[in-house]
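Peer 1: What shape does this take:
(chains A, B and C)
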Amino acid sequence: MSESGVAPRVADVRLSAFERIPWRRLILIVLAVVMGTVVVVGTYKTLTLDDAFSLEGWKNLVVQGIAQGAILAMIALGYSLVYGILRMINFAHGEVFMAGAFISFFFIDAYARSGFLNQSPILALSIVLVVAIVSSLSIAVLLERLAYRPLRNAPRLVPLITAIGASLFIQNAFRGFFGAQPRGYPQPDVLQGTISILGVDVRRVYVLVFIVAVVSMLVLRAFVARSRTGRSMRAVAEDREIASLMGINVDRTVRTTFALGGALAGIAAVLYGLAFQQVVFTMGFRPGIAAFTAAVLGGIGSISGAALGGFTLGILQAVGPQLFLSGFGIPSPNSVRDAFVFLVLVIVLIYRPGGLLGVSDPEKV
Amino acid sequence: MSRLRATVTAGALAGCVSIFLALVGLTDRFADLYFVGDQASFGRLMLVIAPFTVGAILAKPRVEGGEIRERTAGAAIGIGALAGAVAGLLLGAFAVFVSAFGVERINAVFVNVTPSMLEFITFGQPVVVGALILVAASTVAGAVGLGYRLLPVAVRKPVGSAVITVLVLGFLQRIVPITLDQLDLERNWLYSRSTGGLTWFGAGVVAAGAAGLSIFKQRKGADIRRRLSSRGTDDAGMNPLRAILLLIVFVILLAVPYVTGKVISEVLGTVLVFALLGLGLNIVVGYAGLLDLGYVFFFAVGAYATALLTGATLNTFTGSSPPALSADLNFYLAIPIVMLIAAGAGVLIGAPVLRLRGDYLALVTLGLGEMITVLIASPWLVPVVGGPNGMRGVSDASMFGFGFRDPQHFYYLALAFVLFAMFVSWRLAASRIGRAWTAMREDEQIAEAMGVSTTRFKLLAFAIGGAIGSLGGALFAVKIGSLTPASFNVFVSIQVLGIVILGGLGSLPGVVVGAAVLVGLPGLLREFEEYRLLFYGAALVLVMLLRPEGLIPNIRRSRELHEEDAAQDKWAGELAGDEHAAVGVSPEGESAG
Amino acid sequence: MTTVLEVEGVRKSFGGLAALDGLDFRVEEGEIVSVIGPNGAGKSTVFNVITGLYAPDGGDIRYFGESIVGLRPNQIAKVGIARTFQNVKLFPNMTVLENAMVGQHCRSKAGVFGSVIRSGKVKAEERRIRERAQRALSFFGSRLAGYRQDQAAFALSYANRRRLEMARALSTEPRIMLLDEPTAGMNPRETIELRDHIVRMRDELGLTLIVIEHDMRVVKGVSDRVVACDYGRKIAEGTYDEVASDAKVIEAYLGRQHGEDG
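Peer 2: As a prediction, this is how the structure comes out:
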């Protein structure tokens, strides 16, 4: 059986030509160098152009980035929570977000028409918020129950494909229900205009977005850290089997996790609607991917990671294209911004999948 | 009591599904598509399909305390009827509510709630009467559903086949009559000119035929299957029965374009392009187990590379201009170059990316696919690929003056490429490479420990799959003759993924069938087109939940279920003695502990 | 006698836990060496390190005198080191024969082009792969022969799965086999049979073997030498009798005896 002439010597195997050259590392280094050069050169040129972007313009971009980042962070939390507990990417989370936006639209639209929105904005917005939370939460829990729970022990490919299918289905169901026309999310008068903060004119809406987002995330953090349910969540995230042996109801914990992620997405949906004022059935796709990128960027599975990633990516995508590319005379329409987000995703996953916080992935063994 | 609760819950669920179908617009949309006669429309079918299905599901025998409790026929029908009634009640209540609340007000939110829709679901009667009819219809549907399941198998299968065949032929009313016309066959006995669907007579014939076939299959099916799958020695090629079958299929395939006419051939051409893409993705996902959500990348590379290499020009506002780099090669010379470019790109991209784990890989590839769609539409690449205006003047792949852009000619070109891809896939699957891929797919770490270089083989799958995908792109470019970035988007990737999954990962005929269903049907039936993605999504979810192997499962994955029985029967007698001998008692007996 | 494998001062930690803490031993050609030790002593870890699944934190591993640290698992299989796993790791949906044929992967080289056109050379190679795989399977008598070869691996009995795993390792045509608890979960009759198989691997196939075992009857019956480990270090080495009566070994398994004779 073991014919001595057959097995090659160690030295030969080590030096087998193709595998001797570290192709992968080479490509990675070359890519990194190229991108780094583009970034540096682009930035330099942008900042030294004759008709350079004004400081005012940059400030506006940063502010916008922070607001967008806040929303991204909230959606990213949904991804991180679910990933932490199930090691699965809820591809349909963008649709959870969209559902909250769409359904809450009908309410806020009615309130705007009847004047209620401007008479008692706080009450009106609170109701709208509750509606959004309930909608997103319901979709999230339904998803879990119908599409994910039966597949909890299936090989990884299967729930991911299911998630993609669910995402398509929900998107198009909403299209079927409510039509393909984009709807304009009304903005109460009290949120119009700007406020001056630290010498910068910030849209009032953005201030609201920021405050609500930060408060929500802090509440979530406290909840997960202190409450009994939060403890269960962390236990199930560590080791599902042992947690169930310890008496934790795994199904209920998973459902709660989805519900929490959904609730946050619902809040994000209202904030998005108020800030960017457009609602359409496809609105979940791009923010969904962006939020996932944010979650990975910060460190998937970690709450602080999602928050950090959200704000970082928000600022990065608002400022980045303008900063790096306009030096080359390349305009930055929205599509470039989207491509930029995808680029960030690709870069993070290739070079540092653990994200900024360096979350190690136990599955990687 | 819990049985009662389960029944009511099931009925409620069915009711929700029926309401969903109405809200999403499917019920109304199919209201005029008749499958038999002038009353049986698919829209009406939508009203009762949910209770029927629930009835069928509820027919499963209960297991109580480890025993299977059979139901009496009466109790069973009662359950089905109850579930149906609940469903009908919900749907009826919905209709009443809509009418009471005001159709226009609801229409402001739910765009499909229109007076005509309301009229349809109440059968044109006053609302309450309509609601009652709905309840009655659903009750009957539920009972029938359950009753159907309780029929003995010998009756159930033919009945089921008959009904499904009638439905399918009714559904294909845009295709089959035209085909019959082309063949100069009389069709009015089968399809009614006034309603579009089958005539009652035609439906009767079809049903009888299908039932007959089903009975035949029950009696002789196992025999035939056995004869089809037995082989001689491995190198002796395939057995004669199978060869004849394949030959027949081949002849039919060749005849199709002239039998079905230009319009249908055009759709079939698209189906074949997607089948080709599916075959390529099948190598990446089905054989090597790498989930690629950005397959549009190779499609785009193939299309644009072909355009550039065969002398296409850029569309500008003023006319056309030559691209920054181009060549004017013969299509058939360009093809190998295009494939090489795609394979090379696949390797370059794959090298950093393929070591990522499943879901991360999926998202990275999605990102890359998106990036390329942005890139080809972007202003930076306008000098090369024409930006949003695109390119025109792609070669028509003419050979000796015979152009392939005509739909009926294109079909043959596409068919040739598809057969080529199938051949390559088939050979690879049966080779050492296919074995390595399967091992990698089952357990990557162990495959590596057994000597398979996973990086190399992942790259190989990616490169080959990419090359085939680029072929699809090349074909597409030839078919349309011009390219715009709008054709290259994430939905292409998702569609191809859907095709591969629906058809059964790793199964070659399955991919073709998947393409036929997912691309062909929407192409031929307008109603389907609008709801295409909704069905895709539902199909993906349902397939994953119910039958991950897809429509035509890859033989390997269900082989063990069938062959083992046959093999064991065969060997049981021969080996009985042998086996006992091997389990020898060692002369030393058991040594002391 | 040539030294096939030499493990020198190998260290490996996971987080704060040191699984291997300076382990040394060597195996000469044609020997059967058993590695014993309480659970957690690092035995499977050393296999994982040898076969390249983990990189050691320190120390060296030499195969016929050349260091193999840093080689990838598929390269390790290629140079002739094969192994089985503690929890049987087959390819469940592949048939018995296919599992064995995968082992021949590193001894064959058909490429894409050849596989597609099925040249004479490729066909011959496939035949050879098949024969060699069948030969490896037949090492275990009729248990893995005949109709069994077309059965899916997941359908096999536990003992047959273990045998299949070994056959698969054998079909990589190795020079040294690493068996990780090969008789775990087997009944006494199967254990004896397997013990004989191990000895036959050395006698008939000329293999060198390292066997991790807990069943001392097997250890006694096959080993030329025994290496005892605890806490990632070698604590004793010698013949079975020498090691079995070594005080440190007894202490490792049973805990320290207080003032009692061993």
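Peer 1: does whichever residue of the stretch 51-200 of chain A sits closest to chain C count as helix, strand or coil?
Peer 2: The nearest approach of the stretch 51-200 of chain A to chain C comes at A:Pro155, 11.2 Å away (Cβ to the nearest Cβ). Using the backbone N, CA and C atoms, a C-beta is placed for each residue, glycine as well. The assignment at A:Pro155 comes out as coil when based on DSSP: H, G, I helix; E, B strand; the rest coil.
Peer 1: can you count the residues close to it?
Peer 2: 13 (other Cβ atoms under 10 Å in any protein chain shown).
Peer 1: Next, it: phi, psi?
Peer 2: Per-residue torsions, A:Pro155: phi -60, psi 150 (degrees, to the nearest 10).
Peer 1: Same check on A:Gly179?
Peer 2: phi 90, psi 160.
Peer 1: where does the chain dip in pLDDT?
Peer 2: I went with chain A, as the question did not name one. Chain A contains residues with pLDDT under 70 at A:1-7, A:10-23, A:50-53, A:327-333, A:359-365.
Peer 1: nope, chain C
Peer 2: Along chain C, segments meeting pLDDT under 70 span C:40-41, C:255-262.
Peer 1: where do the strands sit along it?
Peer 2: With DSSP state E, the ranges of strands along chain C come out as C:3-14, C:17-28, C:32-36, C:58-63, C:66-67, C:81-83, C:176-180, C:208-212, C:225-230, C:233-238.
Peer 1: is any part of the third one close to chain A?
Peer 2: No - legend: contact between strand C:32-36 and chain A by Cβ under 8 Å from any Cβ of the partner chain is lacking; minimum distance shown is 14.7 Å.
Peer 1: and that strand, what does it pack onto?
Peer 2: Strand C:32-36 sits against strand C:17-28, helix C:43-50, helix C:188-205, strand C:208-212, helix C:216-222, strand C:225-230, with contacts defined as 3 or more Cβ pairs under 8 Å, 6 or more residues apart in numbering or on different chains; DSSP states H and E.
Peer 1: if you set the cut-off to 7 Å instead, what comes out?
Peer 2: For strand C:32-36, the elements it packs on are strand C:208-212, helix C:216-222, strand C:225-230, judged by 3 or more Cβ pairs under 7 Å, 6 or more residues apart in numbering or on different chains; DSSP states H and E.
Peer 1: Mind checking which residue lies nearest the centre of chain B?
Peer 2: Centroid-nearest residue in chain B, with Cα atoms, centre = their mean: B:Gly514, separated by 3.1 Å.
Peer 1: Does A:Ala112 touch A:Tyr185 like I think?
Peer 2: No - proximity of A:Ala112 to A:Tyr185 does not meet the contact threshold set by Cβ atoms under 7 Å, at 9.0 Å.
Peer 1: who's more crowded, those two?
Peer 2: A:Tyr185 (23 against 17).
Peer 1: how about the nearest residue to that one, chain neighbours excluded?
Peer 2: Nearest in space to A:Tyr185, with sequence neighbours left out and distances taken as Cβ to Cβ, 6 or more residues apart in numbering or on different chains, is A:Gly273 at 3.7 Å.
Peer 1: Show me which residues of chain C sit near chain A.
Peer 2: Neighbours of chain A within chain C, by Cβ under 7 Å from any Cβ of the partner chain: C:63, C:66, C:68, C:71, C:75, C:78-80, C:107, C:136, C:170, C:173-175, C:205-207.
Peer 1: do the same with the stretch 1-150 of chain B
Peer 2: B:23-25, B:109-112.
Peer 1: before we move on, the earlier item: residues in contact with the residue nearest to the centre of chain B?
Peer 2: For B:Gly514, the contacting residues are B:278, B:499-500, B:502-503, B:551, by Cβ atoms under 7 Å, 6 or more residues apart in numbering or on different chains.
Peer 1: ok, now B:Ile464?
Peer 2: Contacts of B:Ile464 (Cβ under 7 Å, 6+ apart): B:283, C:112.
Peer 1: and the strand or helix carrying it, which residues are buried?
Peer 2: Here B:Ile464, judged by DSSP states H and E, is contained in helix B:454-480. By 16 or more other Cβ atoms under 10 Å in any protein chain shown, the buried positions in helix B:454-480 come out as B:454-455, B:457-480.
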